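Colleague: Following is a predicted model, sequence given first.
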Amino acid sequence: MTAYSMPRVSSDVVRSTVDQISIDTVTISSGQGTLSAGTVMEFDSVAGEWIIAAASITTEVLGVLATNVVATADTKALMVVRTAAVSANSLIFDASFDTQAKKDAAIARLASLGVVAR
């Protein structure tokens, strides 16, 4: 029998926010594919769009995707970018985050932006 899992929703990831200042509507770069809420993203300042964060993060700006999205073309989505608490167990990292130390570094970077993983 195939197991069924519910799709992620914002409430699976976002624990608390401050009114309307924690979440922004952003553009996810085309070609990112199907992404789930909780995916750790980084801002590509050259393209002006968000991409899946890699362990070799090249930007100071990170966020956590708050909605599921299919980004086969440039797509709008909700992103937790400041003053919020997110579920640490719900964060989804790119495969390049292959050690806990790399994940901890990204979590620390998020915390420096006010996005605390608990």
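Modeller: Done, it's in.

Colleague: Go ahead and flag the most central residue of this protein.
Modeller: Val64 (2.3 Å; C-alpha atoms, centre = their mean).

Colleague: which residues does that residue contact?
Modeller: Residues touching Val64, when contacts are defined by C-beta atoms under 8 Å, 6 or more residues apart in numbering, comprise Val13, Val14, Gly38, Thr39, Val40, Met41, Met79, Val80, Val86, Leu91, Leu110, Val115. (Each C-beta comes from the backbone N, C-alpha and C, glycine too.)

Colleague: Burial check on the nearest residue to the last one once chain neighbours are set aside, number of neighbours?
Modeller: Just to be clear, that refers to Val115. Spatial nearest neighbour of Val115, chain neighbours left out: Ala84 (5.3 Å); criterion: C-beta to C-beta, 6 or more residues apart in numbering. Number of residues near Ala84 (other C-beta atoms under 10 Å) recorded here: 24.

Colleague: what are the bridge partners for Ala84, then?
Modeller: In this structure, Ala84 has the following beta-bridge partners (DSSP bridges): Thr17, Val115.

Colleague: what's the spacing between it and Ala108?
Modeller: With distances taken as C-beta to C-beta, to the nearest Å, Ala84 is found 16 Å from Ala108.

Colleague: re earlier: doesn't Arg118 make contact with the residue nearest to Val115?
Modeller: No - applying C-beta atoms under 8 Å, one finds Ala84 not in contact with Arg118, separated by 10.6 Å.

Colleague: where do the strands sit along the protein?
Modeller: 14-17, 23-28, 33-35, 40-44, 49-52, 62-65, 69-71, 75-80, 84-86, 115-117 (DSSP state E).
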